[in-house]
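In: Okay, structure incoming, though there's no sequence with it:
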């Protein structure tokens, strides 16, 4: 039964693991020390676990951090991959690969477009085009040549603040009064 759970949703798992590994800057990780290589293997294992889409209707569950993390893991995985890519500072070609894998992962695991919770008759192309546009904007903003200017801290601070706000909104609890 454990093997069946670990091999279910193979497309999601492969895309999520590839995204996490690409964010680790593979060319640099190959020539790194043993603890870094072990960390990359840990990242791959965590991504394999976290990658499958959570396709369930919203229900009132425990608000413990572990439960929320398990339920929102498909949001946490791409956010962590973006942070990891930002920390490792991959070359342009690797950043483009991360952006393409991020786009593919988000489209495949989005419950609004692919899951049982998707509304019937919803046009499937609109979210994909929106995700592609957002990915292109993020990639262009990440490669903007502001690092050497006095304005470099402002876009970085705004980007970090926007990412934190979006992650907090995605993970926040929506409690409704019983009724």
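Out: That came through, no problem. Quantities reported herein were computed from a predicted structural model and do not represent experimental measurements.
In: mind listing the helices for this protein?
Out: Along the chain, the stretches classed as helices by DSSP state H are 2-7, 10-23, 26-30, 34-50, 65-71, 73-88, 92-109, 111-114, 125-142, 153-171.
In: Deepest in the core, which of those is it.
Out: Mean neighbour counts were compared across the helices of the chain using mean count of other CB atoms under 10 Å; the top stretch is helix 10-23, at a mean of 21. In this view, the C-beta of every residue, glycine as well, is placed from N, C-alpha and C.
In: From what I see, residue 25 and residue 90 are in contact.
Out: Yes: between residue 25 and residue 90 there is a contact under CB atoms under 8 Å: 4.4 Å.
In: any idea which of the helices of the chain scores lowest on pLDDT?
Out: Mean pLDDT is lowest for helix 111-114 among the helices of the chain, at a mean of 58.
In: Quick one: residues contacting residue 88.
Out: Residues counted as contacts of residue 88 (CB atoms under 8 Å, 6 or more residues apart in numbering) are 23-25, 28.
In: change it to 6 Å
Out: Counting by CB atoms under 6 Å, 6 or more residues apart in numbering, residue 88 makes contact with residue 25.
In: Against residue 32, how distant is it?
Out: Applying CB to CB, to the nearest Å, the value for residue 88 to residue 32 is 10 Å.
In: One more: residue 106?
Out: Taken as CB to CB, the span from residue 106 to residue 32 is 28 Å.
In: What of residue 135?
Out: The gap separating residue 135 from residue 32 is 28 Å, by CB to CB.
In: ok, now residue 79?
Out: According to CB to CB, residue 79 stands 23 Å off from residue 32.
In: what's the answer for residue 43, then?
Out: Relative to residue 32, and taking CB to CB, residue 43 is found at 13 Å.
In: next one: residue 66
Out: 30 Å.
In: next one: residue 78
Out: Using CB to CB, residue 78 is found at 23 Å from residue 32.
In: Likewise for residue 21?
Out: 13 Å.
In: next one: residue 26
Out: Noted for residue 26: a distance of 10 Å to residue 32, by CB to CB.
In: for residue 65, same thing?
Out: Distance check for residue 65 against residue 32: by CB to CB, it reads 31 Å.
In: Before I go, just wanted to say thanks for your time.
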